[in-house]
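S.K.: just need the structure, nothing else, for what follows:
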Amino acid sequence: MGGHPWQYFVSYQANLNKCLQDLREREFAAGRYNPAERFPIFPVNLAHRPGAKHPSIAAARKAASADGTRSILDVERIADRPDFFAVAPLDEDALIAFFGTAEPTRADIEANDEFLEDIERGQGVYIVAYENGEPCAVMFAGYSFD
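M.R.: Coordinates of the predicted model:
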């Protein structure tokens, strides 16, 4: 069938792992994952909250089987380099190639999603967005396995 893309923007936190885990918990509680809803909608509408249908993220992932959750729930950790079940940063050369700067704004990131073409199924990336030279948001994006 092919992998399904997912993408989220969240407020910046210096502890990127906490940022990732908070996002995972938010999306799980909201029920914006397969199989609670078969095809989660992106960009995320925070008002859309079908609610969790499983007792835990692990149970949701098990119920999703080979399809994956088609969401950030399929990602477990931050990695230095691309890896399965992980998000890794785009390196500085890639940031400059895609956005013309190592410190893209949220508008820069939203205007150019070509970086998604380099992501393998079951993997993801993160990009820190800047405003006035300061980190303000983190974008997580990737593809499900199916």
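S.K.: quick one: the strands in the protein?
M.R.: 5-11, 77-78, 86-89, 124-131, 134-143 (DSSP state E).
S.K.: just the mean pLDDT for the last one, thanks.
M.R.: What strand 134-143 shows for mean pLDDT is 97.
S.K.: and that strand, which residues are buried?
M.R.: By 16 or more other C-beta atoms under 10 Å, the buried positions in strand 134-143 come out as 137-143. C-beta coordinates here come from the backbone N, C-alpha and C atoms, glycine included.
S.K.: cool, and the first one?
M.R.: Neighbour-count burial for strand 5-11, counted by 16+ other C-beta under 10 Å, picks out 6-10.
S.K.: related to what we said a few turns ago, can you add distance to residue 62 and give the buried residues of strand 134-143 back as a markdown table?
M.R.: Putting the buried residues of strand 134-143 into a markdown table (distance: C-beta to C-beta, whole Å) gives the following:
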| residue | distance to residue 62 |
| --- | --- |
| 137 | 31 |
| 138 | 27 |
| 139 | 28 |
| 140 | 22 |
| 141 | 24 |
| 142 | 20 |
| 143 | 20 |
